[in-house]
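[1] okay, here's the prediction I keep looking at, along with the sequence it came from:
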Amino acid sequence: MSAIAGNKAAEDPVLQWVTFRLENETYGINVMQVQEVLRYTEIAPVPGAPPYVLGIINLRGNVVTVIDTRLRFGLPTADTTDQTRIVIIEAENQVVGILVDAVAEVVYLRQSEIETTPNVGNEESAKFIQGVCHKNDELLILVDLEKMMSDEEWTELQGL
Amino acid sequence: MAEQPEVKSSNQVDTVLQDYLDQLLVAATAMPAPVEASVVGTSMPVEEPAVRSQSIDTVKAFARSESVTQVQESLPQTLVMPVPSVAEVEQPHLPDTVTDTFETDQADDNPPEIESEDVNDLSVSAGGGTPVDTMTLNWRSSQGIDCLIFKVAGLKLAIPLPLLGGVFNVTDKVTPLFGQASWSLGVWQGEMGKLTIIDSAQLIMPERGLSLEDTGYGFFIQLDRSPWALACQEICDTVTLVHDSIKWRGETSKRPWLAGTVISEMCALIDVPGLMQLLTENVRPAAPH
């Protein structure tokens, strides 16, 4: 019995997702890529940086580049609030921060619960969407952080 | 040589039809402002049915979900939820030239076949690509085909009931996905699964610059068994249409979603397979991980 249960778990693993809010929608990123969540702190702009880079912050002596997630997703800009957070993530062997409206919770999703939707995207940002999942009476949009930036952009970030 | 004038004549008819549809779209979109979504969602105009056919009643027995039942209660009496079934589609007389055969998930044992002159035949539709798996209809049947008429930004559209997956009242919000085409409103979680909601105004008449996101919408019209649904503002009526009551679109039509126009109803008949193919062709392939 336990062997069968083990096989089932292997076939349909439970994944943890950190959810955050942007423009009244809830997004999820793989918990394994999240290092920590920071309250909003002053972000120092970097002259000559690409538009999607808000600037850099000092994280315990390390410089971390912060990405403008709204701009990256093609969403309108918004002011920061008490709920604004910087989520420190690791993707493509780099540590970067993404600015979000708020961090919500950690949810457990079975792989089978994640559905793909017809992607009728006409913008590059559409490829960031890994899938959607109905959880807690709302649709969760799951984001593939690796695809949030092209290889050239990841390299460009490394050089900042 | 002798056929040359006929070709020209056929092209002229197509051009006239195209002009007629253009006028229809212009006239329709110049109508009074569409109803607000909140209003549409709570009240429905109850009209006497133009035609009430027996086949509609038989469809009632196939109503398949709670949400569908809820919608039925709020819709005019003539509006019922069709579930495509082989029984609804009369087998067309086998033509001499059968161009293709499509199978449905329900009709594996006895798939309907397409008449070569059927405008819903994908061979008539523009473009190549993978044919959409769907039913075909026998428009030449003496009983005709029941169609549901609904309104989008003042334009009346008709969809054949056998190709109607369901009508859903907008209860929960549509979740927009970033980076999508302007005619995609987002994803909606229905009781039967997720549907990608199409901004019908943006897709059908983009030149008007109208968006249902601004004007509101009250219902979703699911296309056959597909994951696609058209947003609309008003459900009007059901009518029975026969082949001769429809001005079928010409082969040179640039509107693959259009099967033809129905002058008596002043509405455009949707080519469901053509529309689904148009949507499918716009889906981006998944990027490699």
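    Good, I have the coordinates.
[2] just checking: what are the partner strands of the helix or strand A:Glu36 falls within?
    Taking DSSP states H and E as the definition, one finds A:Glu36 inside strand A:34-39. Take DSSP bridges as the rule and strand A:34-39 pairs in its sheet with strand A:85-91 (antiparallel).
[3] now do the strand it pairs with, average pLDDT.
    The average pLDDT within strand A:85-91 is 96.
[4] after it comes which helix or strand?
    Helices and strands here follow DSSP H and E; after strand A:85-91, the next one along the chain is strand A:94-100.
[5] residues contacting the strand holding A:Glu36, please?
    Residues outside strand A:34-39 that contact it (CB atoms under 8 Å, 6 or more residues apart in numbering or on different chains): A:18, A:57, A:59, A:84-90, A:95, A:97, A:103. (C-beta placed from N, C-alpha, C; glycine too.)
[6] which of those residues count as buried?
    Among those, the ones that count as buried by 16 or more other CB atoms under 10 Å in any protein chain shown are A:18, A:57, A:59, A:84-89, A:97, A:103.
[7] state the pair within the residues you listed that is farthest apart.
    Largest separation among those by CB to CB: A:Val18 and A:Ile57, giving 18.9 Å.
[8] touching, B:Ala153 and B:Met205? I think so.
    Yes: counting by CB atoms under 8 Å, B:Ala153 does reach B:Met205; the two are 7.1 Å apart.
[9] what about the two, which has more around it?
    For B:Ala153 and B:Met205, the more surrounded residue by other CB atoms under 10 Å in any protein chain shown is B:Ala153, and the numbers stand at 24 against 19.
[10] pull up the residues of chain B that are close to chain A.
    For chain B, the residues in contact with chain A (CB under 8 Å from any CB of the partner chain) are B:172, B:175-184, B:187, B:189, B:194, B:196, B:227-228, B:279-280, B:282-284, B:286-287, B:289.
[11] what do you get if the cut-off is 7 Å, keeping everything else the same?
    Within reach of chain A by CB under 7 Å from any CB of the partner chain, chain B has these residues: B:175-181, B:184, B:187, B:189, B:194, B:196, B:227, B:282-284, B:286-287.
[12] so which of those residues sit within strands?
    In strands, judged by DSSP state E, the following of the residues of chain B next to chain A are found: B:184, B:187, B:189, B:194, B:196.
[13] reformat those as CSV; add pLDDT and neighbour count.
    Putting those into CSV (pLDDT from 0 to 100; neighbours: other CB atoms under 10 Å in any protein chain shown) gives the following:
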residue, pLDDT, neighbour count
B:Ser184, 94, 27
B:Val187, 94, 23
B:Gln189, 90, 20
B:Lys194, 91, 19
B:Thr196, 94, 22
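[14] what packs against whichever strand or helix holds B:Gln277?
    B:Gln277 belongs to helix B:272-281 when assigned by DSSP H and E. In terms of contacts (3 or more CB pairs under 7 Å, 6 or more residues apart in numbering or on different chains; DSSP states H and E), helix B:272-281 is packed against strand B:219-223.
[15] for chain A, what is the nearest residue in chain B?
    B:Gly179 (3.4 Å; CB to the nearest CB).
[16] ok, that residue - contacts?
    A:74, A:121, A:123-126 (CB atoms under 7 Å, 6 or more residues apart in numbering or on different chains).
[17] one more time with 6 Å
    Contacts of B:Gly179 were listed using CB atoms under 6 Å, 6 or more residues apart in numbering or on different chains, and they are A:74, A:121, A:123, A:125-126.
[18] filter those down to the ones close to chain B.
    A:74, A:121, A:123, A:125-126 (CB under 6 Å from any CB of the partner chain).
[19] any idea which of the residues you listed is closest to B:Gly250?
    Nearest to B:Gly250 among these: A:Gly121, at 32.4 Å, using CB to CB.
[20] hmm, B:Gln180 and that closest one touching each other?
    Yes: the pair A:Gly121 / B:Gln180 is scored as a contact, 5.1 Å apart, by CB atoms under 6 Å.
[21] tell me, what residue is most central in chain A?
    In chain A, the C-alpha nearest the mean C-alpha coordinate belongs to A:Ile29, at 4.7 Å (CA atoms, centre = their mean).
[22] quick one: the contacts of B:Gly179 as a markdown table, columns for neighbour count, secondary structure and pLDDT too.
    Output for the contacts of B:Gly179, formatted as a markdown table (neighbours: other CB atoms under 10 Å in any protein chain shown; DSSP: H, G, I helix; E, B strand; the rest coil; pLDDT from 0 to 100):
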| residue | neighbour count | secondary structure | pLDDT |
| --- | --- | --- | --- |
| A:Gly74 | 15 | coil | 89 |
| A:Gly121 | 21 | strand | 74 |
| A:Glu123 | 13 | coil | 75 |
| A:Ser125 | 19 | helix | 79 |
| A:Ala126 | 21 | helix | 81 |
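[23] tell me the two of the residues you listed that are most distant?
    Every pair of these checked by CB to CB; the farthest is A:Gly74 and A:Gly121, at 9.9 Å.
[24] tell me how many other residues crowd residue 139.
    Looking at chain A here, since you left the chain open. Number of residues near A:Leu139 (other CB under 10 Å) recorded here: 24.
[25] you looked at the wrong chain, it should be chain B
    The burial count for B:Trp139: 24, using other CB under 10 Å.
[26] residues in contact with it?
    Taking CB under 6 Å, 6+ apart, one finds B:145, B:243 in contact with B:Trp139.
[27] got a pLDDT number for it?
    Looking at B:Trp139, the pLDDT reads 83.
[28] just the element for it, please.
    Secondary structure (DSSP H and E) places B:Trp139 outside all helices and strands.
[29] that's a strand at B:Gln143, yeah?
    No: checked against DSSP: H, G, I helix; E, B strand; the rest coil, B:Gln143 lies outside a strand; its state is coil.
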